[in-house]
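**Student:** give the three-dimensional model of this entry:
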Amino acid sequence: MNDLYIDGAWRGARSGATREIIDPLDQRVVRTVAEADVDDVREAIAAARRAFDETDWPRRPGAERGRLLGRLADAIEADRERLAGLETDDTGKTLVESRMDMDDIAGVVRYYAGLADKEGGEVVDAPMAGLRSVVHREPVGVCGQISPWNYPLLQASWKLAPALAAGNTIVVKPAELTPLTTIRVFELMEEVGFPDGVANLVLGAGVPVGAELASHPDVDLISFTGGIETGQQVMRSAADTVKNIALELGGKNPNIVFADADFDHAVDYALLAVFLHAGQVCSAGARLLVEASIHDEFVDAVVERTQRIVLGDGRDPKTESGPLISAEHRAKVEAHVARAIEDGATLRCGGRRPEDPALAAGFFYEPTVLTGCHPGMEIIQQEVFGPVLTVEAFDDEAQAVERANDTIYGLAGGIFTTDLVKAERVAADLRLGTVWINDFHPYFPQAPWGGYKRSGLGRELGRPGLEEYTETKHVATNLAPQRSGWFGTGQGAGA
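**Tutor:** Down below sits the predicted model:
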């Protein structure tokens, strides 16, 4: 199993350890891959360190790095069907979603390919004549990048593309459950000609692999997307060497529906907001806030549509939603729902494993709607990361904003109303990194992504996503140097 890519070569783990990758649809073994340990990670870091310190990669013209990324985007587009199939094998999501992911990934890589030569020095005003003042952006150095299991390659692309465009070297660790598409993209990176040591791939669990990336003194930046508890551990580990940190830690995202919204449109998007990829989305609109005057009618419509969602094999074009990622994760979702009902929530639909024998081998959970919820409930405050929609009623705009903001998270949210003045007013009051108005989930490479509060630190995508991978250096040049006359003249300072 030569699945680790270190210093331009494919090899197995030094220990010989392996891991079986399981299809969540039926628990079949899709592939057995190498499982790295600390020694493998240290070799990958050393390779990235050499490539940054001892080769011309950081100093190459940005256009050259951009051309390599452009070729990678071309290769991803050409390999779209194979990559999408691997993503569905890994995650259980529908092929429709996987194909959309591959298109988005190619777009992200191509966007940063275009930015690679656009970050020249910025001349700033100096306070005296004869002084030239220029601010430069330079690559940070060696970057450790840890991506999650729900969007394995998409989230990896948000990290590796800007890092490489800026001239950094990288060590990438995909989630141990879903490494297949990342392995394939590293094969494509090798084919298009990235230099040895510039991009390295290690597979394995957060401990020890991710922990070593976060703590190793030769790693200059750590970027992590995942759960808040692990993100806190990454921060603690990175603190000892004062690394640059970029974190995206999820959300508990409100979707606010006002009484004047287009009813059918809002119902449709209420389902899209929460049930995409079986709710395993950091920006899922899992908290539905509905104005009281339409609450009952709106919830009835949502429940009716939810009960018609087709579960099944993501490769079947009739399937609308696939399984959860693992038995362990499904058990966590089940526990969240059980506690919510104990806390007084009303189960309107779902809340169980499907009875269809054809789905029994997979990690399926029925799309679930819980009503009668309020901010004091655990299910409102904690990220479930599954196909579970909670519903809260609100009386007016002020209460909607108050409830939407009543969480430790601040990633994203939606507003549905035909009053765009009100929508803009509410958007300004929401403590969220992204707000959608009469829409939910669209993102694109040009716009930054990230959250307020405990949803993370920094931004991915857009120019801020590139700037995360740079250091700022100010260079001041005296164009007409003269003696200062400050010391040792016998005439006093500055005479």
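**Student:** all contacts plus neighbour counts: C-alpha atoms, from now on.
**Tutor:** Fine.
**Student:** which residues touch the helix or strand where M235 lies?
**Tutor:** M235 is located in helix 228-239, with elements delineated by DSSP states H and E. Counting by C-alpha atoms under 8 Å, 6 or more residues apart in numbering, helix 228-239 makes contact with 211, 214-215, 222, 224-225, 244-245, 247, 249-250, 454-455, all of which sit outside it.
**Student:** helix or strand with the lowest mean pLDDT in this structure?
**Tutor:** strand 122-124 (a mean of 91; mean pLDDT, DSSP states H and E).
**Student:** wait, doesn't K243 sit right on D218?
**Tutor:** No: here K243 does not reach D218: they are 9.6 Å apart, not a contact under C-alpha atoms under 8 Å.
**Student:** sorry, back to before: run the chain-centre distance for the helix holding M235.
**Tutor:** Computed by C-alpha atoms, centre = their mean, to the nearest Å, the separation of helix 228-239 from the middle of its chain amounts to 16 Å.
**Student:** run through who's touching stretch 342-357.
**Tutor:** Counting contacts by C-alpha under 8 Å, 6+ apart, the residues touching stretch 342-357 from outside are 303, 306-307, 334, 337, 341, 360, 364-373, 377.
**Student:** mind redoing it with 7 Å?
**Tutor:** Stretch 342-357 is touched from outside by 303, 307, 337, 364-373, 377, with contacts defined as C-alpha atoms under 7 Å, 6 or more residues apart in numbering.
**Student:** also stretch 138-150?
**Tutor:** Residues outside stretch 138-150 that contact it (C-alpha under 7 Å, 6+ apart): 48-49, 52, 58, 91, 155-156, 159, 166-175, 177-178, 210, 213, 219-226, 280-281, 469-472.
**Student:** and these, which are buried?
**Tutor:** Among those, those classed as buried by neighbour count (16 or more other C-alpha atoms under 10 Å) are 48-49, 52, 58, 91, 155-156, 159, 166-175, 177-178, 210, 213, 219-226, 280-281, 469-470.
**Student:** could you tell me which of those residues belong to strands?
**Tutor:** 169-173, 221-225, 470 (DSSP state E).
**Student:** would you turn these into JSON lines with distance to P481 and pLDDT?
**Tutor:** What follows is these, written out as JSON lines (distance: C-alpha to C-alpha, whole Å; pLDDT from 0 to 100):
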{"residue": "T169", "distance to P481": "38", "pLDDT": "98"}
{"residue": "I170", "distance to P481": "41", "pLDDT": "98"}
{"residue": "V171", "distance to P481": "45", "pLDDT": "98"}
{"residue": "V172", "distance to P481": "47", "pLDDT": "98"}
{"residue": "K173", "distance to P481": "50", "pLDDT": "98"}
{"residue": "L221", "distance to P481": "38", "pLDDT": "98"}
{"residue": "I222", "distance to P481": "42", "pLDDT": "98"}
{"residue": "S223", "distance to P481": "43", "pLDDT": "98"}
{"residue": "F224", "distance to P481": "47", "pLDDT": "98"}
{"residue": "T225", "distance to P481": "49", "pLDDT": "97"}
{"residue": "T470", "distance to P481": "31", "pLDDT": "97"}
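**Student:** among those, which two are most distant?
**Tutor:** In those, two members sit farther apart than any others by C-alpha to C-alpha. They are K173 and T470, at 20.6 Å.
**Student:** what is the nearest of the contacts of stretch 342-357 to V426?
**Tutor:** C373 (21.7 Å).
**Student:** what distance do you get for the closest one to T407?
**Tutor:** Relative to T407, C373 is positioned 14 Å away (C-alpha to C-alpha, to the nearest Å).
**Student:** look at these two and report which has more neighbours.
**Tutor:** Summary of the neighbour comparison: C373 and T407, criterion other C-alpha atoms under 10 Å, with C373 having more neighbours (23 against 19).
**Student:** what residues are up against that one?
**Tutor:** Contacts of C373 by C-alpha under 7 Å, 6+ apart are 345, 390-392.
**Student:** and it, how far is that from R463?
**Tutor:** With distances defined as C-alpha to C-alpha, the gap from C373 to R463 amounts to 39 Å.
**Student:** with N255 instead?
**Tutor:** The spacing between N255 and R463, counted by C-alpha to C-alpha, is 27 Å.
**Student:** compare these two (neighbour count), which wins?
**Tutor:** Here N255 and R463 are compared on neighbour count by other C-alpha under 10 Å; more neighbours surround N255, at 32 against 18.
**Student:** the more buried one contacts L289, doesn't it?
**Tutor:** Yes: using C-alpha atoms under 7 Å, N255 makes contact with L289 at a distance of 5.9 Å.
**Student:** secondary structure element for R31?
**Tutor:** strand 29-34.
**Student:** keeping just the C-alphas, turn the single longest helix found in the chain into CSV.
**Tutor:** In the chain, with assignment by DSSP state H, the single longest helix is helix 95-115. Written as CSV, here are the backbone C-alpha positions of helix 95-115 (Å, rounded to 0.1, in the frame of the first residue of the first chain):
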residue,chain,number,x,y,z
LEU,A,95,-23.0,11.1,-7.4
VAL,A,96,-24.8,14.3,-8.3
GLU,A,97,-23.3,16.0,-5.2
SER,A,98,-19.9,14.4,-5.8
ARG,A,99,-19.8,15.7,-9.4
MET,A,100,-20.7,19.2,-8.3
ASP,A,101,-17.9,19.0,-5.7
MET,A,102,-15.4,18.1,-8.5
ASP,A,103,-16.5,21.0,-10.6
ASP,A,104,-16.1,23.3,-7.6
ILE,A,105,-12.7,21.9,-6.8
ALA,A,106,-11.5,22.5,-10.3
GLY,A,107,-12.9,26.1,-10.0
VAL,A,108,-11.1,26.7,-6.7
VAL,A,109,-7.7,25.5,-8.1
ARG,A,110,-8.2,27.6,-11.3
TYR,A,111,-9.1,30.7,-9.3
TYR,A,112,-5.9,30.5,-7.2
ALA,A,113,-3.9,29.7,-10.4
GLY,A,114,-5.0,33.1,-11.6
LEU,A,115,-4.1,34.9,-8.4
